[in-house]
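K.L.:
sharing a sequence plus its predicted fold:
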Amino acid sequence: MTAQDQPFKQEFNITVYTENQIGLLNRIAIIFTRRKINIDSLNTSPSEIESIHRFNIVITETEDVVRKLSRQIEKQVEVLKVYYNTNDEVIWQELALYKVPTDVIAEKASVERLLRENGARAVVIRKDYTVFETTGHREETDALIKVLQPYGLIEFVRSARVAIIKHSDGFNRKIREFERIDPGQEVIENEFLNSREKVFTM
Amino acid sequence: METLQQELPAAEKKETRKVSGSVALLDALIAEGVDTIFGYPGGAIMPIYDALYDYSEQLTHILVRHEQGGIHAGQGYARSSGKVGVVFATSGPGATNLVTGLADAQIDSTPLVCITGQVFAHLLGTDAFQETDVINITTPVTKWNYQVTDATEIPEVLAKAFYIAKSGRPGPVLIDITKNAQLQQFDYEGYIPCSHIRSYRPKPIVRKEYIEQAAALINNAKKPFIIWGQGVLLGRAESEFKALVEKSGIPAAWTIMGAGAIPTDHPQNVGMLGMHGNYGPNVMTNECDVLIAIGMRFDDRVTGRLDKYAKQAQVVHLDIDPAEIDKNVKTTVPVWGDCKETLPLLTRLLEPKQHTGWLARFREFDEQEQEIVINQELHPQSGELTMGEVIYQLNELTKGEAIIVTDVGQHQMVACRYAKFNNTRSNITSGGLGTMGFALPAAIGAKFGARDKTVVAIIGDGGFQMTLQELGTIMQSGIDVKIMILNNRFLGMVRQWQQLFHEKRYSFVNITSPDFVQVAKGYYIDGKSISDRADLAGALQEMLSHKGSFLLEVMVAKENNVFPMVPQGCSVSEIRLK
Ligand SMILES: Cc1ncc(C[n+]2csc(CCOP(=O)(O)OP(=O)(O)O)c2C)c(N)n1
């Protein structure tokens, strides 16, 4: 296979609007595990609408695979809607915490410089350790690991990604359509043949 | 026994009654029009069975011999009747015995509501006696599942269960009910069927522009070809489908799940698709210019090698499930929707045509297949009996009016190829999962779902031994099922592959059998075993005219193969005739 034939894989951000239902996380997760696809990041949270949950799932795959997965997810009874977007199409953030020994930091580093250059802030400062926090893209949170490693980084953790879709106008209008017994125009998204890659049910 | 359905005067305050969760459950079943339940009791479902004791006039409960038999019977019932099959099982082993049937129903889109008992809610997660995490075990093999821990949820959850099972693309639903919820008394307001769930849109809205584009493609086609599947049956769109076929004049071929939507003898029915399907339909898939797929999902047993499948054709795909569109085969025009709605819209825009020359090409292939394969399979002059001639003789007697339930293997492919189907819902087989052991219990269910039909189960000597305990269900219920075992003393289909692709290394496919007639006799079921051609017609006649169930064992050739065959990894046009 030449590089050209190789299907192009990239990070996709899958946004899933769902009912708040026990067991749904499993139903969604097995859609990935069944196909032996690794979930890079998974976040569940409330959405702009009360009682509606929002999953942010990040995987590295080809668009074709992501589209098929998205349709399988959307097929689940308690899933209202699925969108998938490339990194360019979303605003995204991850949060990271770093625990370092306070004495080392205080002696050897200019704490102020660290904070400023990496957009970090100190969350806790104790005699024995200090916890820094940054939010940003993967490269940014990774960068601070490197910086702090020489100062005896004790613990590091990074959160799942949260992402907001740039062109989305939210789910408030849609949910009203979903609540109607007879769906109207709003929920019909399959009208454009040319962009049918983008859309699933309705 | 009074039931609890009540007409509620709209303005008045709702009348409530104290009932148990179990009674509310049974009331829901009656309200949904359920008449038959296939089940098996046990500790965790005893309150429901206790309530059932008082409902025997409205609900027929069939005591099966194994929960797998119960769920396959539920499937057979659903497939022959078009209604939702209902199955009861207890917690733990009862529930896990349902898994094969759930997987089968999931992949073949069969509407089922399965009720499992579960340990008391306060014991969940404690490894209590017969506690199994049924919800998580069954999640990948159900369309929807839900655990009820409080009786007040039962009416609404049951309403959702039936709605989800039968709407859109149908499928199995499992409701796990803890014992405390079955016992709990609550204020019951009556049953309200479900017709809307906000996160669930079973019916896509039909878009005119797709229909128009599809019609334009079809009207301009020189060599259009229709392939259809079970979607036509599930959508109850047989007459709409026939109208389209006849107006368009297009040759049409079926997947085994779609058999019977139009009769076998219909002049435009050109036969069966797939690995052991007919020669013409497989070859022509790679010659047609427009391929019109209706309610089918391009299973790999139908498509063979995908990157060589219908590459020359523009594809129109009608399906209710958007996840099927572009899943395996990229479509030119997708027609999302319920085919009951989309087919008439499409037919209206089609120009009436004949396609005589194109249809004749299918007939040419058919003649070759007749000569090389079919004649000696159906009309051998000497040697051992063939499976094909048994089916042929059966056709002569049933005239295509019987419901044929098949198990899995060579006999299944032979039966699907050669059995005549005059009617829809008369070929009941495990298509997607290929579950050996399906046929006997499914035939029992099929008969309960279509009491006026003759039901013939066609089973291999291997598959019969997987669920033969259901002879006990036949014995006890007195149901009339004709059982035909085609005994080749091999796990035939596996043997065929070993012969063709593993240098005839017959690894563990040699299977011995008990005296099936004696086994049947032990269950007070009459039977007969034959091996001579001269006895065939008479024995089949005896089986069919026998009052009550009958087991006919036919000893057939040991090492016959099913042809044609699209070998795995090959394109449909590389189909082998021998
Ligand atoms: C539960 C199950 N186990 C194994 C298989 C694999 N399998 C497919 S066909 C077949 C042979 C079936 O033999 P038999 O029932 O005698 O029918 P025949 O092919 O001889 O007609 C086997 C073992 C299966 N489909 N289902």
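P.N.:
Looks like it arrived, so ask away.

K.L.:
residues contacting residue B:419?
P.N.:
Each residue near residue B:419 by CB atoms under 8 Å, 6 or more residues apart in numbering or on different chains is listed here: B:264, B:391, B:394-395, B:400, B:404, B:427, B:458. The C-beta positions use only the backbone N, C-alpha and C, and glycine is treated the same way.

K.L.:
what's the neighbour count on residue 107?
P.N.:
Assuming you mean chain A. 9 (other CB atoms under 10 Å in any protein chain shown).

K.L.:
my question was about chain B, not that one.
P.N.:
20.

K.L.:
right, and it touches residue B:433 too?
P.N.:
Yes - counting by CB atoms under 8 Å, residue B:433 is a contact partner of residue B:107 at 5.1 Å.

K.L.:
hmm, back to that, now the contacts of residue B:419 as JSON lines including neighbour count?
P.N.:
Compiled in JSON lines, these are given as follows (neighbours: other CB atoms under 10 Å in any protein chain shown):
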{"residue": "B:264", "neighbour count": "18"}
{"residue": "B:391", "neighbour count": "25"}
{"residue": "B:394", "neighbour count": "27"}
{"residue": "B:395", "neighbour count": "20"}
{"residue": "B:400", "neighbour count": "17"}
{"residue": "B:404", "neighbour count": "29"}
{"residue": "B:427", "neighbour count": "26"}
{"residue": "B:458", "neighbour count": "28"}
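
K.L.:
and which of these is nearest to the ligand?
P.N.:
Set against the ligand, the nearest of those by CB to the nearest ligand atom is residue B:458 (9.0 Å).

K.L.:
can I take it that the closest one is in a strand?
P.N.:
Yes - per DSSP: H, G, I helix; E, B strand; the rest coil, residue B:458 lies within a strand segment.

K.L.:
tell me the spacing between it and chain A.
P.N.:
33 Å (CB to the nearest CB, to the nearest Å).

K.L.:
please name the bridge partners of that residue.
P.N.:
Per DSSP bridges, the residues bridged to residue B:458 are residue B:406, residue B:484.

K.L.:
just confirm it contacts residue B:411, I think it does.
P.N.:
Yes - between residue B:458 and residue B:411 there is a contact under CB under 8 Å: 5.6 Å.

K.L.:
overlap of the contact sets of the two?
P.N.:
Going by CB under 8 Å, 6+ apart, residues that sit against residue B:458 and also against residue B:411 are residue B:486.

K.L.:
quick one: residue B:18 and residue B:185 touch, right?
P.N.:
Yes - using CB under 8 Å, residue B:18 is in contact with residue B:185, at 5.0 Å.

K.L.:
the more surrounded of the two?
P.N.:
residue B:185 (13 against 9).

K.L.:
domain map for chain A?
P.N.:
Per automatic domain parsing, the domain ranges recorded for chain A read A:10-90+A:166-199, A:91-162.

K.L.:
lowest average pLDDT across these?
P.N.:
Mean pLDDT is lowest for domain A:10-90+A:166-199 out of the domains of chain A, coming in at a mean of 86.

K.L.:
how far off centre is it?
P.N.:
12 Å (CA atoms, centre = their mean, to the nearest Å).

K.L.:
still on that earlier bit, so which of the contacts of residue B:419 belong to strands?
P.N.:
B:404, B:427, B:458 (DSSP state E).

K.L.:
and the second one, what does it touch?
P.N.:
Applying CB under 8 Å, 6+ apart, we find residue B:427 in contact with B:256, B:259-260, B:403-404, B:406, B:416, B:419, B:421.

K.L.:
show me which residues of the stretch 151-300 of chain B sit near chain A.
P.N.:
B:164, B:195-201, B:204-205, B:207, B:209-210, B:213 (CB under 8 Å from any CB of the partner chain).

K.L.:
against the ligand, which of the residues you listed make the cut? List them.
P.N.:
Among these, no residue lies close to the ligand (CB under 6 Å from any ligand atom).

K.L.:
out of those residues, which end up buried?
P.N.:
With neighbours counted by 16 or more other CB atoms under 10 Å in any protein chain shown, these contain buried members at B:164, B:197-201, B:204-205, B:207, B:210, B:213.

K.L.:
now those in TSV, with pLDDT and secondary structure?
P.N.:
What follows is these, written out as TSV (pLDDT from 0 to 100; DSSP: H, G, I helix; E, B strand; the rest coil):
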residue	pLDDT	secondary structure
B:164	98	helix
B:197	95	strand
B:198	92	coil
B:199	93	coil
B:200	94	strand
B:201	90	coil
B:204	85	coil
B:205	84	coil
B:207	86	coil
B:210	93	helix
B:213	96	helix
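
K.L.:
quick one: which of the residues you listed is nearest to the ligand?
P.N.:
Nearest to the ligand among these, with distances taken as CB to the nearest ligand atom, is residue B:164, at 27.2 Å.

K.L.:
for the nearest residue to that closest one once chain neighbours are set aside, give me its contacts.
P.N.:
In space, and not counting its chain neighbours, residue B:164 is closest to residue B:144: 4.7 Å by CB to CB, 6 or more residues apart in numbering or on different chains. Residues counted as contacts of residue B:144 (CB under 8 Å, 6+ apart) are A:77, B:160-161, B:164-165, B:171, B:173.

K.L.:
repeat that for residue A:38.
P.N.:
Applying CB under 8 Å, 6+ apart, the residues near residue A:38 are A:32, A:59-60.

K.L.:
do the same with residue B:230
P.N.:
B:108-109, B:255, B:257-258, B:295-296, B:431.

K.L.:
6 Å - rerun?
P.N.:
B:257-258 (CB atoms under 6 Å, 6 or more residues apart in numbering or on different chains).

K.L.:
give me the distance between it and residue B:342.
P.N.:
16 Å (CB to CB, to the nearest Å).

K.L.:
for chain B, what lies in contact range of the ligand?
P.N.:
So chain B meets the ligand at B:407-411, B:434-437, B:460-463, B:486, B:488, B:490-494 (CB under 6 Å from any ligand atom).

K.L.:
which members of those are classed as buried?
P.N.:
Buried among the residues of chain B next to the ligand by 16+ other CB under 10 Å: B:407-411, B:434-437, B:460-463, B:486, B:488, B:490-494.

K.L.:
helices of chain A, residue ranges please.
P.N.:
A:24-33, A:63-74, A:102-108, A:111-117, A:138-148, A:172-179 (DSSP state H).

K.L.:
same check, this time on the stretch 351-500 of chain B
P.N.:
B:356-369, B:375-378, B:387-398, B:410-418, B:439-449, B:461-467, B:471-477, B:492-501 (DSSP state H, counting those that start in this stretch).

K.L.:
then the stretch 201-350 of chain B?
P.N.:
Going by DSSP H, counting those that start in this stretch, the stretch 201-350 of chain B shows helices at B:208-220, B:231-234, B:238-248, B:279-285, B:300-303, B:339-349.

K.L.:
ok, residues contacting the fifth one?
P.N.:
The set of residues that contact helix B:300-303 without belonging to it, under CB under 6 Å, 6+ apart, is B:255, B:273-275, B:309.

K.L.:
just stretch B:326-345 next, same as before
P.N.:
B:203-204, B:206, B:210-211, B:213-214, B:231, B:235, B:237, B:240-241, B:244, B:295, B:298, B:314-318, B:320, B:322, B:325.

K.L.:
so how far is it from its chain's centroid?
P.N.:
So, by CA atoms, centre = their mean, the centroid of stretch B:326-345 is 22 Å from its chain's centroid.

K.L.:
now swap in stretch B:218-236 and tell me
P.N.:
That offset, for stretch B:218-236, works out to 20 Å (CA atoms, centre = their mean).

K.L.:
re earlier: for the domains of chain A, which one sits closest to the ligand?
P.N.:
Closest among the domains of chain A, using CB to the nearest ligand atom: domain A:10-90+A:166-199, at 20.1 Å.

K.L.:
got a list of what the residue of the stretch 101-250 of chain B found nearest the ligand touches?
P.N.:
Of all residues in the stretch 101-250 of chain B, the one sitting closest to the ligand is residue B:104 (9.9 Å; CB to the nearest ligand atom). Applying CB under 6 Å, 6+ apart to residue B:104 gives the contacts B:430, B:433, B:435.

K.L.:
out of those, which sit inside strands?
P.N.:
Per DSSP E, the subset of the contacts of residue B:104 in strands is empty.
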